[in-house]
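A.B. asks: Below is the sequence, then the predicted model.
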Amino acid sequence: MKIICLIKFIPDVEDFKYDYERNVLIRENMKQILNPEDACAVAFALTVKRFYPSTVIEVLTMGPQSVSSKMEEILRLDVDHATLITDKAFIGSDTYATSRVLATYLKSSSVDLILSGTHTLDGDTSHVPAQIAEWLELPHVSNIISINMNSMDSGRLVLSVDHDQTIMTFAVPYPSVLSLSKDSAFKMPYVRYDDLNKEVSHRLKVIDCAQLGLRKEEVGFDGSKTQVVSTFVKTMTKKDKTEVKIDEAGLQSVIDLLKEKGVLA
Amino acid sequence: MNHDTLLLELSKILQKNQINTNSDELYDASADRYKKYAKARKVLNVPAPVAIVYPKSTREVSTLLKFCNDNDINVIARGGKTATEGGLENWKETTLVIDALYLDKIIKVDYYNMQATVQAGVALQTLEDVVRPMGFTTGHSPQSKPVAKFGGLVATRSIGQFSTLYGGIEDMVVGLECVFPDGHISLIKNVSRRAGGPDIRHIAIGNEGTLCYITEVTVKLFKHFPQNNQFFGYLIKDVDTGISILREVMVNGYRPSVARTYSEGDAGQHFYHFHKGHCVLIFMAEGNQDIVDATAKGILRAVDKFSEGIIEKVDSQLIEDWFNHLNWSQKDIDDEFEGMLEKDYHAGFTTEVSADWETIVQIYKNVMRRITNEFPRASDLTLLGGHSSHSYINGTNMYFVYNYKINCNPEDELRIYHHPLQTIVVEETLKLGGSMCHHHGIGKYRNEWTKEEHGSAYYMLEKLKEAFDPKGIMNFGTIFPQEDGKKYQK
């Protein structure tokens, strides 16, 4: 079985710094992390490989050259190949252009499962996996919270989806595009100590727009259907912090606050 | 000797209820708090001991040690199990843990001569509970007081939170009894002072179970005046200011029982409710009223001398409240263990060093700089700081603290986080002539620097080992570096 995981590296939004005086996001030294739901997708692929050792896993991303080191970190797990699609021509690509680029690469690949996260923390449109499925004319299921490993051999993969708090069960054929939810139980393993500095660069393939056979007007700003009129940084105000002791008075303060916010009745 | 034969032979020396082969307890006995996270996650990479045995007398300890010595069986001496540096970790396939559980008698409390004699397995708290109602204290109060036992406290050269007044355990022990691997029992008598050759108490104090097994200890008692305690707290500009004030108090001859300076990061951990992002300086004046009054005056005079570094005074009640809740209990240890099962997070790793007044701040700054700039996982640190908590006429200690998110497999945590951090602390300390271990002992994870720590005096340490434990059966890997142990360290 061949699995390709679509992944994206995003700024660590839980660890950002904000300059309240200048009202700007401090981007210097901002840590890049693997989008958490994409990590679930890779984790599921690795689980499949544990059950079926002949499984071949490839991770695929579109992004700047600077994510190479992050791709190598994933290769130090039990992932076989990594592909980075990068080109200055891709700058400004919306979800439509991005999905076209990724789908163009995927069309040239023989694959049984295409996995992704459902959302990314930075964009959160959920467009890309669905649009890739459209480009490839494959079924697509998103918000997957569990997958029945016993169904792997049956020709149809049985999985559960959280749809507005209703759990729905689907059986999907191969190949399909499957997007996992953060509520799935799949957790990325860590790189083993002995593999931390393992040489893996030979398993990272870097390709550009020309190698994909795409014209410049099909990608980037020109190839995008989204017109951005303007952008702004959300104004944030510094909240006062109150620290309380772990005693009766402190607990009462927390209860009062939760009641005030409507969390407790 | 194979394990079955060993157990058979043990049954000839001890009763059945003195030999423990329960697999969970043997797993627990495989390592101490240095590997607490890996231990909680059940991924320890060291062998379990064959048995834990509980001698009921010094004579039984002697018989056991002789038996182990004759049969090349590694021995780990164990008391309250609060070791933090790998001293209780097992690196040998055939190991016996000799636990002081049944050496639990308070032999004599002598209020006139101000000393108390206890067996090794008596918990410090137990003796304190006996002498406190009579108006006395041992003066020893490590955070582990509710759990730690006298044998371990003495064997590791422990120190308590009131050390600036009462001293470390080495200042408190007046005499002791210990057993050597050949079975010889030595009793060092209790005298107020003597000049009868080298002070042989110090062969046992701090030996970390590598030379002998301590079976009995006599410690000093002090009159206790808790009603006179006075607390002082200040928010201060920086660590330099705090150290300068500690020095001013000490060099002028004052002995507050508590004298501490916390960095901003560490203050945030302990004094979250009042530190306001600053360093914190605290004192406690203790003793009879005249001494407390004089000590308080000395503290205020020192604070006044460095007033440009004082940001504001802290309500002394806040300091007293904090101090009254500082000690660990067994429940705290158990809760910490449960927490490590649930979270990929580590709180409470420390490395404690010491140096003279002139050097300690430079060590602190060098360590902070190197960790921030060189430690590859610096972004996972949730706390990095330190405090000085034990001061002397010529210097003080620095207790580096670091908490972190664990983004690696549990079995790799030490190699990726704790050991690299500890390495930086130790290297920077030794580079400037300080001591790499102020009060936790060397254990097994600082043994790679034992020779550097002692320099030309390592000769003396090595000769002690050769003389008292020529077959090397006592706590293999602790204090003394071992080639065979490196696989567990690196």
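C.D. replies: Yep, it's here.

A.B. asks: switch to C-alpha atoms for all contacts and neighbour counts from now on
C.D. replies: Will do.

A.B. asks: Could you check how many residues crowd around the residue lying closest to A:Arg156 once chain neighbours are set aside?
C.D. replies: Nearest residue to A:Arg156 in three dimensions, chain neighbours excluded: A:Pro173, at 4.5 Å (C-alpha to C-alpha, 6 or more residues apart in numbering or on different chains). Applying other C-alpha atoms under 10 Å in any protein chain shown, we find 16 residues neighbouring A:Pro173.

A.B. asks: How about B:Asp304?
C.D. replies: B:Asp304 has 13 nearby residues by other C-alpha under 10 Å.

A.B. asks: Could you do B:His325 as well?
C.D. replies: Residue neighbour count, defined by other C-alpha under 10 Å, stands at 9 for B:His325.

A.B. asks: A:Leu102 too?
C.D. replies: Counted with other C-alpha under 10 Å, A:Leu102 comes out at 21.

A.B. asks: buried set for the strand or helix carrying it?
C.D. replies: A:Leu102 belongs to helix A:95-107 when assigned by DSSP states H and E. Neighbour-count burial for helix A:95-107 flags A:Thr95, A:Tyr96, A:Ala97, A:Thr98, A:Ser99, A:Arg100, A:Val101, A:Leu102, A:Ala103, A:Thr104, A:Tyr105, A:Leu106 (criterion: 16 or more other C-alpha atoms under 10 Å in any protein chain shown).

A.B. asks: Please, where are all the helices along the stretch 51-200 of chain A?
C.D. replies: Taking DSSP state H, counting those that start in this stretch to define them, one finds helices in the stretch 51-200 of chain A at A:68-75, A:95-107, A:127-136.

A.B. asks: Give me the packing partners of the first one, helices and strands only.
C.D. replies: Of the remaining helices and strands, those touching helix A:68-75 by 3 or more C-alpha pairs under 8 Å, 6 or more residues apart in numbering or on different chains; DSSP states H and E are strand A:81-85, strand A:204-207.

A.B. asks: quick one on the thing from earlier: tell me what the helix holding A:Leu102 is packed against?
C.D. replies: strand A:56-62, helix A:127-136, helix A:209-212.

A.B. asks: got the angle between it and helix A:127-136?
C.D. replies: 50 degrees (axes from the mean of the first three to the mean of the last three C-alpha atoms, to 10 degrees).

A.B. asks: what about residue 177, neighbour count?
C.D. replies: No chain was given, so I picked chain A. By the measure other C-alpha under 10 Å, the count of residues near A:Val177 is 27.

A.B. asks: think we crossed wires, I meant chain B
C.D. replies: Count around B:Glu177 with other C-alpha under 10 Å applied: 21.

A.B. asks: swap in B:Phe225?
C.D. replies: Using other C-alpha under 10 Å: B:Phe225 sits among 16 other residues.

A.B. asks: ok now do it, which residues does it touch?
C.D. replies: B:Phe225 makes contacts with B:Gly135, B:Glu286, B:Gly287, B:Asn288, as judged by C-alpha atoms under 8 Å, 6 or more residues apart in numbering or on different chains.

A.B. asks: Out of the residues you listed, flag the one nearest to A:Glu218.
C.D. replies: Closest to A:Glu218 out of the contacts of B:Phe225 is B:Glu286 (79.6 Å), distances taken as C-alpha to C-alpha.

A.B. asks: Grab the nearest non-local neighbour of the closest one.
C.D. replies: Per C-alpha to C-alpha, 6+ apart, closest to B:Glu286 is B:Asn229, 4.9 Å.

A.B. asks: Grab the nearest non-local neighbour of the residue in chain A that chain B sits nearest to.
C.D. replies: Here chain A gets closest to chain B at one residue, A:Tyr190, 5.0 Å apart by C-alpha to the nearest C-alpha. Spatial nearest neighbour of A:Tyr190, chain neighbours left out: B:Cys408 (5.0 Å); criterion: C-alpha to C-alpha, 6+ apart.

A.B. asks: now do A:Leu138
C.D. replies: Using C-alpha to C-alpha, 6+ apart, the nearest residue to A:Leu138 is A:Ser176, at 5.5 Å.

A.B. asks: In terms of distance to chain A, which of the contacts of B:Phe225 ranks first?
C.D. replies: B:Glu286 (26.7 Å).

A.B. asks: so what pLDDT did that closest one get?
C.D. replies: We have a pLDDT of 96 for B:Glu286.

A.B. asks: distance of the closest residue to A:Asp112 other than its chain neighbours from A:Leu113?
C.D. replies: Leaving out its chain neighbours, the residue that sits closest to A:Asp112 by C-alpha to C-alpha, 6+ apart is A:Pro175, at 4.4 Å. Counting by C-alpha to C-alpha, to the nearest Å, the separation of A:Pro175 from A:Leu113 is 5 Å.

A.B. asks: Repeat that for B:Ile479.
C.D. replies: 55 Å.

A.B. asks: distance of the most centrally placed residue in chain B from B:Ser186?
C.D. replies: Centroid check for chain B by C-alpha atoms, centre = their mean gives B:His440 as the closest residue, at 3.3 Å. To B:Ser186, B:His440 is 25 Å away according to C-alpha to C-alpha.

A.B. asks: what's the burial count for A:Ile255?
C.D. replies: If we define neighbours as other C-alpha under 10 Å, then A:Ile255 has 15 of them.

A.B. asks: residue contacts, it?
C.D. replies: A:Leu264.

A.B. asks: Remind me which helix or strand it belongs to.
C.D. replies: Assigned by DSSP H and E, A:Ile255 falls in helix A:248-260.

A.B. asks: now that helix, how far from the chain's geometric center?
C.D. replies: On the basis of C-alpha atoms, centre = their mean, to the nearest Å, helix A:248-260 sits 38 Å off its chain's mean C-alpha point.

A.B. asks: Looking at chain B, what residue ends up closest to chain A?
C.D. replies: B:Cys408 (5.0 Å).

A.B. asks: Local confidence estimate at that residue?
C.D. replies: 92.

A.B. asks: circling back: B:Gly87 is in contact with the residue nearest to the centre of chain B, correct?
C.D. replies: No. At 9.5 Å, B:His440 and B:Gly87 do not qualify as touching, with contact defined as C-alpha atoms under 8 Å.

A.B. asks: Now that we have the helices of the stretch 51-200 of chain A, can you turn them into JSON lines and tack on mean pLDDT and distance to B:Gln362?
C.D. replies: Formatted as JSON lines, those follow (pLDDT from 0 to 100; distance: least, C-alpha to C-alpha, whole Å):
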{"stretch": "helix A:68-75", "mean pLDDT": "96", "distance to B:Gln362": "35"}
{"stretch": "helix A:95-107", "mean pLDDT": "96", "distance to B:Gln362": "53"}
{"stretch": "helix A:127-136", "mean pLDDT": "95", "distance to B:Gln362": "54"}
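
A.B. asks: I'd like a version of the ones you listed in a markdown table, one that adds distance to B:Lys108 as further columns.
C.D. replies: Converted to a markdown table, those look like this (distance: least, C-alpha to C-alpha, whole Å):
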| stretch | distance to B:Lys108 |
| --- | --- |
| helix A:68-75 | 63 |
| helix A:95-107 | 81 |
| helix A:127-136 | 78 |
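
A.B. asks: between the ones you listed, which one is nearest to B:Lys305?
C.D. replies: helix A:68-75 (53.5 Å).

A.B. asks: what sits up against stretch B:316-323?
C.D. replies: B:Gln230, B:Phe231, B:Phe232, B:Gly233, B:His270, B:Phe271, B:Ile282.

A.B. asks: What are the buried residues along that stretch?
C.D. replies: Buried residues in stretch B:316-323, counted by 16+ other C-alpha under 10 Å: B:Ser316, B:Ile319, B:Glu320.

A.B. asks: ditto for stretch A:246-255
C.D. replies: Buried residues in stretch A:246-255 (16+ other C-alpha under 10 Å): A:Ser253.

A.B. asks: what do you get for stretch B:101-116?
C.D. replies: For stretch B:101-116, the neighbour count (16+ other C-alpha under 10 Å) marks B:Leu101, B:Tyr102, B:Leu103, B:Asp104, B:Ile106, B:Val109, B:Tyr111, B:Gln115, B:Ala116 as buried.

A.B. asks: Alright, I will stop here.
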